[in-house]
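> please work out how this folds:
(chains A and B)
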There are 2 protein chains.
Amino acid sequence: MTFEAPIKDMLFNIEHLSGWSEVNDLPPYGTLELEDVAAVLSELGRFCAEEIAPLNTPGDEVGSQFKDGKVIMPSGFEDAYTQFVDMGWQSLPHPEEYGGQSLPRVVGAAATEILNAANMSFALCPLLTDGAIEALLTVGSAETKDTYLTNLVSGKWTGTMNLTEPQAGSDLALLRSRADRQDDGSYQITGTKIFITYGEHDMSENTIHLVLARTADAPAGVKGISLFLVPKYMVNADGSLGDQNSVRCQSIEHKLGIKASPTAVLEFEGATGFLIGEENAGLSYMFKMMNAARYTVGLQGVAIGERATQAALAYAKERIQGRPVDGSSKDAVAIVNHPDVRRLLARMRAMTEGCRAMAAFTAGWQDLSLHGETPEVRAEATSIHEFLVPLVKGYCTEMGVETASNGVQIHGGMGFIEETGAAQHYRDARILPIYEGTTAIQANDLIGRKTLRDGGATALRMVEMIKQTEQDLSQGSSTARAISARLSKARTAFQSVVDYMLATGKQDINATFAGGVPYLMLAGNLISGWQLARSALVAEEALAAGDDPAFMAAKIASARFYAEHILPDTETQRDRVMEGAKSLLDFAL
Amino acid sequence: MTFEAPIKDMLFNIEHLSGWSEVNDLPPYGTLELEDVAAVLSELGRFCAEEIAPLNTPGDEVGSQFKDGKVIMPSGFEDAYTQFVDMGWQSLPHPEEYGGQSLPRVVGAAATEILNAANMSFALCPLLTDGAIEALLTVGSAETKDTYLTNLVSGKWTGTMNLTEPQAGSDLALLRSRADRQDDGSYQITGTKIFITYGEHDMSENTIHLVLARTADAPAGVKGISLFLVPKYMVNADGSLGDQNSVRCQSIEHKLGIKASPTAVLEFEGATGFLIGEENAGLSYMFKMMNAARYTVGLQGVAIGERATQAALAYAKERIQGRPVDGSSKDAVAIVNHPDVRRLLARMRAMTEGCRAMAAFTAGWQDLSLHGETPEVRAEATSIHEFLVPLVKGYCTEMGVETASNGVQIHGGMGFIEETGAAQHYRDARILPIYEGTTAIQANDLIGRKTLRDGGATALRMVEMIKQTEQDLSQGSSTARAISARLSKARTAFQSVVDYMLATGKQDINATFAGGVPYLMLAGNLISGWQLARSALVAEEALAAGDDPAFMAAKIASARFYAEHILPDTETQRDRVMEGAKSLLDFAL
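Alright, predicted model coming up:
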């Protein structure tokens, strides 16, 4: 099964949904034209289709292996990674100062989706490096940046995030890893970290671990966590590599999916570490890094949805089975003609496009939040971007799991046999609603930091924007009006739930959080459906102008299908939140 | 993780939902008391917990292996199977005439769930044998019955169903396997069959394959399919085993789940077969067998839901992580205290109980359909039972997949690591909405044979019964009234959809089938929620009488949670069916 990057849909989103005209003029981006973006993404798409995607199935079959303290990557991964670095793909969104290409986030997001669709296990390595770069850019000292960033930005060195310990997963207050200050200003790091993605491997010259630990005199709980940089190999003053640090890979996990990507247990045995930023402020730095990583994991949900949809569609067009229900043929036909196979495929495609559109929209706000012209613009963009991140993470990953599962279903019995690849997507996707914070953790973030903290102001800002789209649609075709009506119902449901959250947040916090995930799913569903509704507006205009009719008609079809088959779930979610708290909280377990 | 059979819930369903008082008086059942049922199920529960459940994880780890044309079962399976046979568990629901125990279906269903919850891979072997017994009882000649049934009923011999060929899965019209009539009245069977569950193994002395094939002069399509019995070892006149037949296992599949259960490719190379029933009538016989098997696969959905729920609840009570959102503790608490973990667990439990209740209700109608006193009673029971079978198969299996997935989610990162077992349930469950007819095939059955054929009469019969429950509830407590209100909305949605199906069935059959799976999910949801609503009525009375308060309160809690969190989906499904056909059928793929 070949993979083709959905470049056209991505460019449509960048141009029409992400605020490209505003974003592209911003320093440091400046001069990039859409044609350049198309060229970059197409070249990445070609590289991924030819070099990275073919490693996905064999990588799953053998997995990464652990032997004598070392991780052996599946055949082909090391070569592919070298090519990836040589072609400069790691550096796309990073600053020119460190050798990056300073592409806007909206472009970086598309690139990340392509790489992940080709091979999620492979893509996790650059993903973690991106997170490390983000953290060092934000809080690293000038010296740290000079020492590490250029090699991370190029991908010559890779990065990891070391948060989890056996007793501390979602709850970082329970962290025990210790950092002992040394006379030379460095620290000795001691402790066991688990679930460390690409914590050990042989694809890069060095690995830069970012590690959360406590100093001896740190306060208890999350206020006593500091962030340290622990290189696998020490870096000499001249930039060359020195001795191996005291970090040992104890084992790797035997996982349900993403088997080619090594998930390491790392033992820090008095390893030399360097403080990043201030002592005891590690959690807030880690949140920076996690916000980026969470958004990217959301993109992984889109990516796996795209890959599963392409595979299922190809199979459905090939597999001959059953006569049409309307008697239009006496012979068996390809299953893509059967109504329920169409329903599943339409659902997979509309959901994937909706999630991709929400992710592009979110990336646009991030670009504005970073480089908007005025502090006011940046502040507003920041609050909107931060509101959207848990939705991208929570909704797109849950949808990725559903889409991968529907992909298995379309393959029928063959979907259950590993050889077709559909089962791998189902297994790989399952980690997405878990790592970088479960869906419930995202919902807590959405409620606490993103809704209650500003008294619902950002949520209401979304409502106003959505109303505008409804109004624009209501002056369009009958299809546009049908979409508008559904969008309006969903937006009303959202408003009710936000009001409910604000009210219960003051009186009955258990009831608030009991509705957390339904609220998140409602909001993610609404924002995705809204982006497709905006797409339909653009597409109707383009159609009227005779512009790319097949593609534009498909955008409208996705928007309408989404509006009628997926958006209605928002109303059920509203009922769950507003009427379901008591039956949930009273349930004896 | 230990497994405990949910005997109490099963007995409640048998006593209060399945029409036990009517069923139990019927010949051939007669004299069984509920205490006897409790004793049988408890003993089976003990045996499964001690002997069968412990083989589930190791069986998954090694899988069944193929070597030199033979299948090697995982260690322990053969011994366990021998015990299973020696204790008489295979024979529970089968006629005394062939050594069975003639227990009612409502009891057999509970037993099947227990065995499958303990170890789905193991349970598939008896499940297929049950299907073969069913077919031979229905259409086997006296001689065939005498030769094969006693050893099948005891489990000494096992059975298989051979339908699928590489080009013929859901579409049996495409079957190519050939049957050549011999002078002695037997046939030579030639062809390749795939996906044959327990098609080859070493747990029993003989395997009786039931095989669909075409005679040389058979009409094309499904009207030219005949059913043959092909023993692995020929049976001599005195009942002893003779030569090996010409059936060869070519390979077994490398599957996503149920790995201990061998899924064979069987090559029939002029194998000796015996016609069952009439030539060219094989499909209708196979449907008999499939109806039984479909119902049982629905029970597998309940079973995996139960197992996943028990595992997740145990983990959630053990895993310490995070402080309560209401600030009631400064220390981290078990995650079972967090609202969203409660939501997931309540959902898992309510869904599993709802599906179990629907299955018990269905089994009661089957008992009546088989042994009801008058032809009228049997006819009505048959139509209701047959209406319910696709719901049990379709809804309970989709819910099994969701529940297993939620089980992974509750385990967090540990859920993605194979060692915890949560991932195995997620993998195992995924076959359920596929084999014995995908959910779409069930929906086709529900629409065509079960709704349109009788002009909606059976569906309306369900509506009348549900209305009665609504009325009974509306005279009860505030909780009962709340459940009644939700049930009423769901039942109204169902009625609208049935009307829509009847109307479009005459004018626009593509639109009818476009809504098939949403209709099935709506109906399955409604019937399950209705059974829990009936349970709440019983439980409120019992509570008032001071009878088993904790258990009865839990039944009411499940009913209310189901009504407020799951039943509302029926309204969204109605919208999909009634307003979503056009956007689906127009969607270009």
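
> in stretch A:253-262, what counts as buried?
By neighbour count with 16 or more other C-beta atoms under 10 Å in any protein chain shown, stretch A:253-262 contains the buried residues A:E253, A:K255, A:L256, A:G257, A:I258, A:K259, A:A260, A:S261, A:P262. Where C-beta positions appear, they are placed from N, C-alpha and C, glycine not excepted.

> tell me which other helices or strands the longest strand along chain A touches.
Taking DSSP state E as the criterion, chain A has its longest strand at strand A:263-276. Secondary-structure packing of strand A:263-276 (3 or more C-beta pairs under 8 Å, 6 or more residues apart in numbering or on different chains; DSSP states H and E): helix A:120-139, strand A:178-181, strand A:187-197, strand A:206-215, strand A:226-231, strand A:247-252.

> chain B contacts on the stretch 351-500 of chain A?
Applying C-beta under 8 Å from any C-beta of the partner chain, we find that the stretch 351-500 of chain A lies next to chain B at A:401, A:405, A:408-409, A:412-413, A:415-419, A:423, A:426-427, A:430-431, A:433-435, A:438-440, A:443-444.

> for ChimeraX, what selects the buried ones among the residues you listed?
Only the buried members of these enter the following ChimeraX selection, criterion being 16+ other C-beta under 10 Å:
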select /A:401,405,408,409,412,413,415,416,417,418,423,426,427,430,431,433,434,435,438,439,440,443,444
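
> what does the lowest-mean-pLDDT helix or strand in chain A contact?
Of all helical and strand segments in chain A, the minimum by mean pLDDT, DSSP states H and E falls on helix A:20-23, at a mean of 85. Residues outside helix A:20-23 that contact it (C-beta atoms under 8 Å, 6 or more residues apart in numbering or on different chains): A:I14, A:Y29, A:L34, A:P104, A:V106, A:G364, A:D367, A:L368.

> tell me the contacts of the nearest residue to the second one once chain neighbours are set aside?
So that's A:Y29. Nearest residue to A:Y29, sequence neighbours excluded (C-beta to C-beta, 6 or more residues apart in numbering or on different chains): A:P104, at 5.0 Å. By C-beta under 8 Å, 6+ apart, the contact set of A:P104 is A:V23, A:N24, A:L26, A:Y29, A:L32, A:P93, A:A363, A:D367.

> tell me the spacing between the closest residue to the first one other than its chain neighbours and A:I384.
Meaning A:V23. The shortest distance from A:V23 to any non-neighbouring residue, by C-beta to C-beta, 6+ apart, is to A:D367 (4.4 Å). Distance from A:D367 to A:I384, counting by C-beta to C-beta, to the nearest Å: 12 Å.

> in this structure A:V389 contacts A:N291, no?
Yes: using C-beta atoms under 8 Å, A:V389 is in contact with A:N291, at 5.5 Å.

> do a quick rundown of the helices in the stretch 1-150 of chain A.
Secondary structure of the stretch 1-150 of chain A (DSSP state H, counting those that start in this stretch): helices located at A:7-16, A:20-23, A:34-47, A:56-62, A:77-86, A:105-118, A:120-139, A:142-144, A:150-154.

> avg pLDDT for the helix or strand following the longest strand of chain A?
Next helix or strand after strand A:263-276 toward the C-terminus (DSSP states H and E): helix A:282-318. Average pLDDT, helix A:282-318: 94.

> can you list the buried residues in helix A:282-318?
Under 16+ other C-beta under 10 Å, the buried positions of helix A:282-318 are A:282-283, A:285-286, A:288-313, A:315-316.

> what does the model give the residue nearest to A:Y29 for pLDDT?
Looking at A:P104, the pLDDT reads 95.

> okay, it and A:I566: tell me how far apart.
For A:P104 relative to A:I566 (C-beta to C-beta), the value is 29 Å.

> swap in A:S240?
The value you get for A:S240 to A:I566, if C-beta to C-beta is used, is 55 Å.

> circling back: comparing A:D367 and A:I384, which residue is more hemmed in?
A:D367 (27 against 21; other C-beta atoms under 10 Å in any protein chain shown).

> quick one, what contacts the more buried one?
A:D367 touches A:S18, A:G19, A:V23, A:L26, A:Y29, A:P104, A:R105, A:V106, counting by C-beta under 8 Å, 6+ apart.
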